[in-house]
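[1] Just the structure for this:
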Amino acid sequence: MCKSKFYIISVKDTYKTIDVSVGDILYKEKGSKFIGFAFPVLNEEEVKQHIEELKKKHHSARHWCYAWQIGTEEIRYRANDDGEPSNSAGQPIYGQLLSFDVTNILIVVVRYFGGTKLGVGGLINAYRTTAKETLENCKILEKTVDVCFNLVFEYADMNKIMRIIKDNKLEILSQKMEMNCEFTIPVRKKNASSIKQQIENLRCAKIKEIK
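    Predicted coordinates for the structure are as follows:
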């Protein structure tokens, strides 16, 4: 079994992905049926779960080929031929992830064999086309690369903290409202240093980046 691959790309402030799964995108070639599925994923465990569910749902299929890419700055990816000739399935699928410039996504193409061999060229075209049509049916979103901060401050200083949050249109992911309050806030990467400095300048709150 091939291992997941890993590489580092240049720092970007935005990335493209999907939030909603898409499935049952059908492509036919010489009796074989290729069915495409796209899933938003954040880790390899989610990848494994989706593939296992598809194998149960399509238990009589011949192949469950896939490719995934996860991450925004440090990228991990994998392409799997699942018994098809080397590089005839997983890589064509992965090529479409690169073509659409998306991440945090899994594409699976389920194949039902129709009795006629397609050859390597035919397989490459079938898997590539199914992946392409599956992605074309997805709603692709552009999101920002964020840094998460943990803020700890006294309740008496709430107004000072909230002023910075409102002025910068920040979101509060979680909060604890006691004598010592605690917020978790995501900040767009390019604005992270500025927001951190604003909080530190108040001298009434502790701010720490959450890795």
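[2] tell me which residues form a beta bridge with the spatially closest residue to Asn43 that is not a sequence neighbour?
    Spatial nearest neighbour of Asn43, excluding adjacent residues (CB to CB, 6 or more residues apart in numbering): Ile70 at 6.8 Å. Where you see a C-beta, it was placed from the backbone N, CA and C, and this is true even at glycine. Beta-bridge partners for Ile70, by DSSP bridges, are Arg76.
[3] ok, now which ones touch Ile70?
    41-44, 76-77, 103-104 (CB atoms under 8 Å, 6 or more residues apart in numbering).
[4] Just the ones of the residues you listed in helices?
    Secondary structure from DSSP state H places Glu44 of these in helices.
[5] Now a ChimeraX select for only the buried ones of the contacts of Ile70.
    In ChimeraX, a selection of the buried entries from the contacts of Ile70 looks like this (16 or more other CB atoms under 10 Å):
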select :41,77,103,104
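[6] For this structure, identify the residue most remote from the centre.
    No residue in the chain sits farther from the centre than Ala156, which is 39.7 Å out by CA atoms, centre = their mean.
[7] Do you know the pLDDT at the residue nearest to Asn43?
    Confidence at Ile70, expressed as pLDDT, is 96.
[8] And stretch 168-182, what's buried?
    So for stretch 168-182, counting by 16+ other CB under 10 Å, buried means 170, 181.
[9] what do you get for stretch 23-31?
    For stretch 23-31, by 16+ other CB under 10 Å, it's 25, 27, 29.
[10] Just put these in CSV and tack on pLDDT and secondary structure.
    Converted to CSV, the buried residues of stretch 23-31 look like this (pLDDT from 0 to 100; DSSP: H, G, I helix; E, B strand; the rest coil):
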residue, pLDDT, secondary structure
Ile25, 97, strand
Tyr27, 97, strand
Glu29, 94, strand
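[11] which one of those sits closest to Ile195?
    Each of the buried residues of stretch 23-31 was checked against Ile195 using CB to CB; the closest is Ile25, at 41.4 Å.
[12] how about Met179, phi and psi?
    Dihedral pair for Met179: phi -60, psi -40, per degrees, to the nearest 10.
[13] wait, it sits on Glu154?
    Yes: using CB atoms under 8 Å, Met179 is in contact with Glu154, at 6.8 Å.
[14] Bridge partners for Glu154, pull those for me.
    Bridge pairing for Glu154 - DSSP bridges - gives Asn180.
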